[in-house]
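*Asks:* mind looking at a prediction? Sequence and model below.
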Amino acid sequence: MAKIIPFKAVRPTADKVSLVTARTYDDYSPAELAAQLDFNPYSFLHIINPGYALQQKITNEKRFKMVRNKYLDFKKDAVFKQETDPVFYIYEIQSNKNTFTGILCGTSIEDYQNNVIKKHENTLEYRVDMFKDYLHVTGFNTEPVLITYPNETELNTWLADQKQNTPIYEFSTHKKEKHIVWRIAAPTDIAWLTQKFSTIPNLYIADGHHRSASAEMLYNQDKETNNENLKYFMSFLIADDNVKIYEFNRLIHDLNNHSKQEFLNLLEKHFIVTPKGQEIWNPTQKFQFGMYLDGAFYALTLKKETYQMQGVLNQLDAQILYDTVLHPILGIGDLRNDDRIEYLPGTKSITQLKEKVDSGQFEVAFMLYPVHINEIKQIADNHLIMPPKSTYIEPKFCNGVIIYEI
């Protein structure tokens, strides 16, 4: 059964939260980044990029120490304050398309190790190790792991009741998203929520496999310090039907020495290939794929009689494309490291994908149908791993709103 805890979060004062909050560092263009760092002294970017003013390359260890020092400066200057008692938070993100509502809490390393919290992705060891070092030196994390729980009426009713109270934060971002945060501090509410999740057999990581793996590695390294916070990592718990799952489309630099006609002929072994011309075409169901090649779109429909669909993994569209096209025809073996393949999330328009092929940067592009949350859960339940870049999942969080100290 799942164990969750409230925690003594560090967070901005209400008057500064909209100034502090920042997107992930890589989301900014160089011009945007420079503007934020030059003209907004409260931006969390000053903490995660403390060497900006120095314009120099530094080691990870030195950079992490600078992050730590800048974070302490923000606390000293009262930009941040810390809760006196452990609390939960309800966090809601509203966009023009979706509303995401969930619970910020601590989740258990022990549950993660015992597969109460289930995983569906592999991690890269160097990334896990680097973020472990980051956590060890800086002593905080502000990016929660996105975890789903089964949709349940009683929890939905409780969340709706809590949202009738006055929020501690209500602000908008440059991405035209509205963020609303409620503080759950009453002992009766904390006890009810803790007990409620103790009846849920399993939670599922939707996004944040590297962060959870780093938290476990840090616990294993530093557990002799008896730091209670090491036993948990910050998570955002959301009903499994409230996440939004997008596909990752594939862009390939060349046809592996095949001519266009040879390539089309090879595809017909496993697919019904239907030319669509200039019609921008996206798959509308599983076992369909879109393709853009030489200025034209194609619909690829799997011939199920030619493909062995035994097991959950082999029924994933990303795995099917790899097994039938990317590996045997295009010669791509390592989806994570082969530099002949790149990925574009389904949040980007097909027009952008088309432009990348038309520019000559890529030879062919494939569009996939989004994975369903039940497929993710089935993969995790069977202790399997999805192919790299199978899902792009929202919500995505701002940095600097709620901070978990270690």
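*Replies:* That came in fine, so what should we check first? Numbers count the residues shown, from 1 in each chain.
*Asks:* dihedrals phi and psi, I93?
*Replies:* Main-chain dihedrals, I93, degrees, to the nearest 10: phi -120, psi 120.
*Asks:* residues contacting it?
*Replies:* Neighbouring residues of I93 by CB atoms under 8 Å, 6 or more residues apart in numbering: T99, F100, E177, K178, H179, P395. The way it works is simple: take the backbone N, C-alpha and C, and place the C-beta from them, glycine included.
*Asks:* what about the closest residue to the fourth one other than its chain neighbours, neighbour count?
*Replies:* Read that as K178. Spatially, and ignoring its direct neighbours in sequence, K178 is nearest to Q94 (4.3 Å; CB to CB, 6 or more residues apart in numbering). As a burial measure, Q94 scores 15 neighbours (other CB atoms under 10 Å).
*Asks:* just checking, Q94 touches K176?
*Replies:* No: applying CB atoms under 8 Å as the test, Q94 and K176 come out as separate, 9.7 Å apart.
*Asks:* could the contacts of I93 go into TSV alongside pLDDT?
*Replies:* Shown next, in TSV, are the contacts of I93 (pLDDT from 0 to 100):
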residue	pLDDT
T99	97
F100	98
E177	93
K178	96
H179	97
P395	95
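*Asks:* closest one to P41 out of those residues, please.
*Replies:* Distance to P41 across those (CB to CB) is lowest for H179, with 21.0 Å.
*Asks:* the closest one: what secondary structure?
*Replies:* strand (DSSP: H, G, I helix; E, B strand; the rest coil).
*Asks:* so it versus H270, what's the distance?
*Replies:* In this view, H179 and H270 are 45 Å apart by CB to CB, to the nearest Å.
*Asks:* what does L45 give?
*Replies:* Taking CB to CB, one finds L45 at 47 Å from H270.
*Asks:* just I376 next, same as before
*Replies:* Distance from I376 to H270, by CB to CB: 24 Å.
*Asks:* which of those two has more residues huddled nearby?
*Replies:* A direct count of neighbours by other CB under 10 Å for I376 and H270 places I376 higher, at 25 against 22.
*Asks:* my guess is that one contacts E121, does it?
*Replies:* No: judged on CB under 8 Å, I376 makes no contact with E121 at a distance of 9.4 Å.
*Asks:* show me the common contact partners of those two, please.
*Replies:* With CB under 8 Å, 6+ apart as the test, I376 and E121 both reach M386.
*Asks:* in the stretch 151-300 of the chain, which spans are helices?
*Replies:* 153-162, 187-197, 209-222, 260-267 (DSSP state H, counting those that start in this stretch).
*Asks:* mean neighbour count, the ones you listed: which tops it?
*Replies:* Ranked by mean neighbour count, the helices of the stretch 151-300 of the chain are led by helix 209-222 with a mean of 20 (mean count of other CB atoms under 10 Å).
*Asks:* run through who's touching that helix.
*Replies:* Contacts for helix 209-222 (CB under 8 Å, 6+ apart): 109, 112-113, 117, 119-124, 127-129, 131-132, 134-136, 141, 143, 145, 205, 230-231, 233, 406.
*Asks:* many thanks, have a good one.
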